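>>> next comes the sequence, and after it the predicted model I'd like to discuss.
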Amino acid sequence: MNKIKTRFAPSPTGYLHVGGLRTALYNFLFAQKNQGNFLLRIEDTDQSRLVKGADKQLIKILKQFDLKYDNTPIYQSKRTKIYQKFAEQLVKDGKAYYCFCTPERLTKMREEQIANKMPPMYDGTCRDLKSEEVATNLKAHKPFVFRLRVPINRDIKFTDLIRGEVSFNTSTIDDQVLMKSDGFPTYHLANVVDDHEMEISHVIRGEEWLPSTPKHILLYEAFGWAPPAFAHLPLLLNPNKTKLSKREGDVAVEDFLHKGYLPDALLNFIALLGWNPGEGSTKEIFSLEELIKEFDLNKINKSGAVFDIEKLNWLNGLYIRKLKVKELAKLCKPYLKQIKNTKLIEKIIIVEQERLKKLSDISQNLNFFSDKKIEYVASLLVWKKSTREATLENLVKLEDYLITLKETDFKSVKNLEEKITTWLKQNNFGVGDYLWPMRVALSGQQNSPSPFEITWVLGKKITLKRINEAQNRLR
């Protein structure tokens, strides 16, 4: 058997879609599992849609996710003469033909077809031009494209490694353009030529490319080449089962990284969108090495995979909790720009780590972890059926007690908790009557870390200041 070779072939037209990352991952895993090669090709022939620097960003993302490719990336825009040569060969062999139809004529043709409820397809006007007419048009420098001569009313059958046998009739396949009038190839020609020259054994790509496959098979036939094996991945869906799109939320890998999803967690999550390790397995946490070991095309589902953001948040939270404090503090620094004190950042991390779902969440509680004055309504300080007067009295007693504590008592959360709860028990004070207003006084929020954790982060001086400010609000 020939060596397994897969490829990832993105177009540098903007951000990388999470579906694109999944395609890259599955190609990488399949190649690695079979001791093959994973290759990178940049499909940049559509010059009108190129985004400057998008190719470098794509390469950067693959490196961030540790998806190492085994070649110097191939750029299609540098191979136009090669495509031209192959297209001319097809014309010479009678497999393709010159088409001199103007854009205006083609637009009018499509409009009429749509009006007559017909599928918009090329009508074959130039398909059987006499060689003399072709020569005259070329001599007159008339603009032209090359079109594939698609056989009439023939079934194109192939076995998809995920979907089984698939069949298309050529009556639904257009005489596709192979080379455009600007000298650049279309996706179809460049794709087939490159896959052949790169010796790609398996084309693993999204379901949206399934209707293109018979066109590619016809091209392989026209050239006399053996086609690769094809595997078409299920669509990524929103929870409402519509196709995952920007309208419904984030879809770019960059968006997720910017919000603080860890590459390992995001890759783990994306791996499970359409693939699972097999019947009976409940395993959901996979390293890249484990994914390589477990991956199998036979375990990819045919039906669409729902992109469940709650599942991603849960998974990312697990990965965050596995990180060491110093490592997590380093990752969180971009979201804590207003805090310069590294020790304070590490304290905040220790308190927040268990609650974080993504790194950017760390910035939600910054307000009360700083020494700045916090804003809230005084009524929030009052616990359940208590009163403003009783709450004020309780905060005064709490302040008097905290003043008696030494600075060393503020060195650990555990020590603070022991001291304060012991004091509450000894005096038969209601826990909620004291700890609720204490927590609100320190955080200004209904939901926040425990008052012991916040006190530990803030220290004695700021804690006393906030409790005093709370008393003034109640007065």
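Yep, it's here.
>>> so where's this protein shaky on pLDDT?
1, 246-249 (pLDDT under 70).
>>> how is it carved up into domains?
5-71+187-237, 79-179, 246-321, 325-366, 378-474 (automatic domain parsing).
>>> turn these into CSV, including distance to K372.
The C-beta positions use only the backbone N, C-alpha and C, and glycine is treated the same way. Listed next are the domains of the chain as CSV, based on distance: least, C-beta to C-beta, whole Å:
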stretch, distance to K372
domain 5-71+187-237, 35
domain 79-179, 56
domain 246-321, 23
domain 325-366, 9
domain 378-474, 10
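>>> could you look over the ones you listed and pick the most buried one?
Of all the domains of the chain, domain 5-71+187-237 carries the top mean neighbour count, a mean of 19, counting by mean count of other C-beta atoms under 10 Å.
>>> what's the end-to-end length of that one?
End-to-end distance for domain 5-71+187-237, by C-alpha to C-alpha, to the nearest Å: 29 Å.
>>> roughly how far does the residue of the chain most remote from its centre sit from Y401?
What lies farthest from the middle of the chain is N427; by C-alpha atoms, centre = their mean that is 55.3 Å. Distance, N427 to Y401, using C-beta to C-beta, to the nearest Å: 9 Å.
>>> what does K215 give?
Distance from K215 to Y401, by C-beta to C-beta: 79 Å.
>>> now swap in A390 and tell me
For A390 relative to Y401 (C-beta to C-beta), the value is 17 Å.
>>> thought D155 was touching F168?
Yes. Applying C-beta atoms under 8 Å, one finds D155 in contact with F168, separated by 7.3 Å.
>>> by contact count, what packs against the helix or strand harbouring L315?
Taking DSSP states H and E as the definition, L315 sits inside helix 309-321. Packing contacts for helix 309-321, counted by 3 or more C-beta pairs under 8 Å, 6 or more residues apart in numbering; DSSP states H and E, involve helix 263-271.
>>> and the next element down the chain from the helix it packs on?
As assigned by DSSP H and E, the chain's next helix or strand after helix 263-271 is helix 288-294.
>>> ok, residues contacting that following helix?
With C-beta atoms under 8 Å, 6 or more residues apart in numbering as the test, helix 288-294 has contacts from 25, 29, 32-33, 66, 264, 267-268, 271, 277-278, 286.
>>> got a list of contacts for whichever helix or strand comes after it?
Where DSSP H and E defines the elements, the next helix or strand beyond helix 288-294 is strand 305-306. By C-beta under 8 Å, 6+ apart, the surrounding residues in contact with strand 305-306 are 234-239, 241, 273-274.
>>> one more: stretch 458-474?
The contact list for stretch 458-474, computed with C-beta under 8 Å, 6+ apart, reads 369, 371, 373-374, 378, 381, 388, 391-392, 395-396, 398-399, 402-403, 405, 407, 410, 437-438, 440-442, 454-455.
>>> same thing but at 6 Å, please
With C-beta atoms under 6 Å, 6 or more residues apart in numbering as the test, stretch 458-474 has contacts from 371, 378, 381, 388, 392, 395, 399, 407, 410, 441-442, 455.
>>> do the same with stretch 423-434
383, 386, 394, 398, 401.
>>> need the contact list for the third one.
Right, N394. Applying C-beta under 6 Å, 6+ apart to N394 gives the contacts 433-434.
>>> do the same with the second one
When contacts are counted by C-beta under 6 Å, 6+ apart, S386 touches D433.
>>> that one: what secondary structure?
coil (DSSP: H, G, I helix; E, B strand; the rest coil).
>>> again, but for the fourth one
Counting by three-state DSSP, the backbone at L398 sits in helix.
>>> on that earlier part again, widest-spaced pair of the contacts of stretch 458-474?
Largest separation among those by C-beta to C-beta: R388 and E407, giving 31.8 Å.
>>> quick check: the farthest pair among the contacts of helix 288-294?
Farthest apart among the contacts of helix 288-294 by C-beta to C-beta are D66 and G278. That separation is 24.1 Å.
>>> now the strands for the stretch 1-150 of the chain?
Per DSSP state E, counting those that start in this stretch, the stretch 1-150 of the chain carries strands over the ranges 5-8, 37-42, 74-75, 96-99, 145-148.
>>> and what of the stretch 151-300 of the chain?
With DSSP E, counting those that start in this stretch as the criterion, the stretch 151-300 of the chain has strands at 155-160, 164-169, 177-179, 202-206, 229-233, 236-237.
>>> other SSEs contacting the third one?
Of the remaining helices and strands, those touching strand 177-179 by 3 or more C-beta pairs under 6 Å, 6 or more residues apart in numbering; DSSP states H and E are strand 145-148.
>>> same for the strand it packs on, what does it pack against?
Counting contacts by 3+ C-beta pairs under 6 Å, 6+ apart, strand 145-148 is packed against strand 96-99, strand 177-179.
>>> in TSV, list those strands along with distance to T463.
Converted to TSV, these look like this (distance: least, C-beta to C-beta, whole Å):
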stretch	distance to T463
strand 96-99	79
strand 177-179	72
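>>> out of the ones you listed, which gets nearest to G224?
When these are compared for distance to G224 using C-beta to C-beta, the nearest one is strand 96-99, at 13.9 Å.
>>> before we move on, the earlier item: any chance of the strands of the stretch 1-150 of the chain in JSON lines, with distance to E290 too?
Shown next, in JSON lines, are these (distance: least, C-beta to C-beta, whole Å):
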{"stretch": "strand 5-8", "distance to E290": "19"}
{"stretch": "strand 37-42", "distance to E290": "18"}
{"stretch": "strand 74-75", "distance to E290": "30"}
{"stretch": "strand 96-99", "distance to E290": "47"}
{"stretch": "strand 145-148", "distance to E290": "44"}
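>>> no further queries at this time; thank you.
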